[in-house]
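Asks: sequence unavailable; structure follows:
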C-alpha cells in the first residue's frame, strides 16, 4: 500500500469508529463530566459570593460594634465624671454641715457654761451672805435689828462687789 | 519484537538474493531492504480481507485494528472515570479531568465562546482519539493509526464537515459562503476572492490532515532508521549509538504525540469557531 494515498476503506472505518466513539463517550463520559464541571463551577462561584457576603457582613458588624464600644466608653466616662462631681459636692456639703454642727454645739456649750457660771456666782453670793450673817450673829451674840441688818448687808455686799 | 522482525526480514531477503551476487550486492541489498522494512512498518497492512463494496475495500487493516483497540480502551477508561463524575475527583479521574479542563478553558471556550457546549464532546473525543492512537505507535507491537494519511484525512474531513454544517446552520447556506468574502470589496474581485477563500477553507483542513500524518510518520521513520543502522553495520560497538538515539527519539515521540493531539484539537476548534463566527 502506498504511504501517501488515502485508502477509502480505512477512511470509512475511521469515520465509523470515530463517530461511534463520539456517540458512546458523549453519553457515558462527556455528558456526566461536563455537568459535574458546570456544577463545580457554580458551586465555587456561589461559595465565593457567599464568602464575600459574609466578609461584608462581618465588616459591617465590626464597625457597628466599634461604634457601640466607643459610645459605651464615652458614656462610662461621663458617668464617672458626673459621679465624681456629685461626690465632690457631697463631701463639701458634709464638711459644711459638720462645721455648722460643731459651731452650734460649741455655741450651746458656751452658753450653758455661762449660765452655769452665773448660777454658781449667785449661789456663792447667797452662801456668802448667809455665812456672814451667821458669823456676825455669833460674833455679836445677839440679833441685830432689821435696820442694822440692812446696813450690814449693804456694807458686806459692797465689799464683795469691790473684791469681785 | 521490532528487532526480531528486522532481523528475519533482512535474512530472508539476503538468502533470496543468491550466493553468487551476495558479496558484491551485500551493502546495496541491505540498504534497499532497510527501506522496504521501514516502509513496511509505517504503511497499513490488511489483516482480514473483506469484500469491496461500491469500490471501497472494507478489509480490516492493522491501523483499523489499532483504532478499535484504542477506542475500546477509551470507552472503558472514560466511562469508569467519568460515568459517575464526582464534585471532587481523585487519582486518575483527576488527572484526565485536569487535561479536559485545560482544553475547555484554553481551547474550547476561547475559540468557540458560547457555542462551546455544542462542540466540546467532539473536541474532547478528537483529542483523546488522536492522543491514544499516537501513543499506540510507541507500544511494542502497536502502530500509530494517526501515522496513516487515511485516518488523519478522515478526521480532518469530519472537522471540515462539522464546521461547514455548523456554519451553514448559523448563517444559512448562502449566508455562509457570503460570509467568506470580506465586506466592502469591489464587485469585480468577489468571484476571485470567493475561489481563494474556498480553496483556503479546503487547504487548511488538508494541512490539518497532513500535519498530523507527517509528524507521526516522521518520528517512526527516524526510530526505524536508527534501529536499521544496527543491522546495516552489524557491529555491537556501533549498535550502542543508534540505540541511544532511538531511545531519545522515542522520548521525543511521547512529547510529539501529546503536542500533535493538542494542535489537532486546537486547530479543529479554531476552524469550527471561524465557520460559526464569521465576523472577521
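Replies: Cool, the structure landed. Note that the structure is predicted; figures quoted are calculated from it, not measured. Numbering: from 1, shown residues only, chains lettered A, B, ... in the order given.

Asks: buried sites along the helix or strand of chain A with the lowest mean pLDDT?
Replies: Taking mean pLDDT, DSSP states H and E as the measure, chain A has helix A:146-163 as its least confident helix or strand, at a mean of 78. By neighbour count with 16 or more other Cβ atoms under 10 Å in any protein chain shown, helix A:146-163 contains the buried residues A:152, A:156. Bear in mind the C-beta positions are built from the backbone N, C-alpha and C, glycine included.

Asks: for it, which helices and strands make contact with it?
Replies: helix A:31-140 (3 or more Cβ pairs under 8 Å, 6 or more residues apart in numbering or on different chains; DSSP states H and E).

Asks: contact residues of chain A facing chain B?
Replies: Within reach of chain B by Cβ under 8 Å from any Cβ of the partner chain, chain A has these residues: A:1-15, A:17-22, A:24-26, A:28-37, A:39-40, A:43.

Asks: please check those residues and keep the buried ones.
Replies: For the residues of chain A next to chain B, buried by 16+ other Cβ under 10 Å: A:6-15, A:17-18, A:21-22, A:24-26, A:28-30, A:32-34, A:36-37, A:40.

Asks: pLDDT (mean, whole number) over stretch B:78-87?
Replies: Stretch B:78-87 carries an average pLDDT of 76.

Asks: what are the contacting residues of it?
Replies: Contacts of stretch B:78-87 with the rest of the structure, by Cβ atoms under 8 Å, 6 or more residues apart in numbering or on different chains, involve A:24-25, A:28-30, A:32-33, A:35-37, A:39-40, A:43, B:92-93, B:96-97, B:128.

Asks: mind checking the pLDDT average for stretch A:4-15?
Replies: 81.

Asks: give me the buried positions along stretch B:216-229.
Replies: By neighbour count with 16+ other Cβ under 10 Å, stretch B:216-229 contains the buried residues B:216-217, B:219-229.

Asks: ok, the spatially closest residue to residue B:154 that is not a sequence neighbour - contacts?
Replies: Spatially, and ignoring its direct neighbours in sequence, residue B:154 is nearest to residue A:14 (3.8 Å; Cβ to Cβ, 6 or more residues apart in numbering or on different chains). Taking Cβ under 8 Å, 6+ apart, we find residue A:14 in contact with B:64, B:67, B:145, B:150-151, B:154-155.

Asks: got it, and residue A:84?
Replies: Residue A:84 neighbours (Cβ under 8 Å, 6+ apart): none.

Asks: what's the single longest helix in chain B?
Replies: helix B:189-233 (DSSP state H).

Asks: so, in contact with chain A or not, it?
Replies: Yes: using Cβ under 8 Å from any Cβ, helix B:189-233 reaches chain A at residue B:217.

Asks: packing partners for that helix?
Replies: helix B:2-16, helix B:22-42, helix B:149-171, helix B:173-180, helix B:236-276.

Asks: if we go to 10 Å?
Replies: Applying 3 or more Cβ pairs under 10 Å, 6 or more residues apart in numbering or on different chains; DSSP states H and E, one finds that helix B:189-233 contacts helix B:2-16, helix B:22-42, helix B:116-136, helix B:149-171, helix B:173-180, helix B:236-276.

Asks: what about residue A:63, distance to residue A:56?
Replies: Distance, residue A:63 to residue A:56, using Cβ to Cβ, to the nearest Å: 11 Å.
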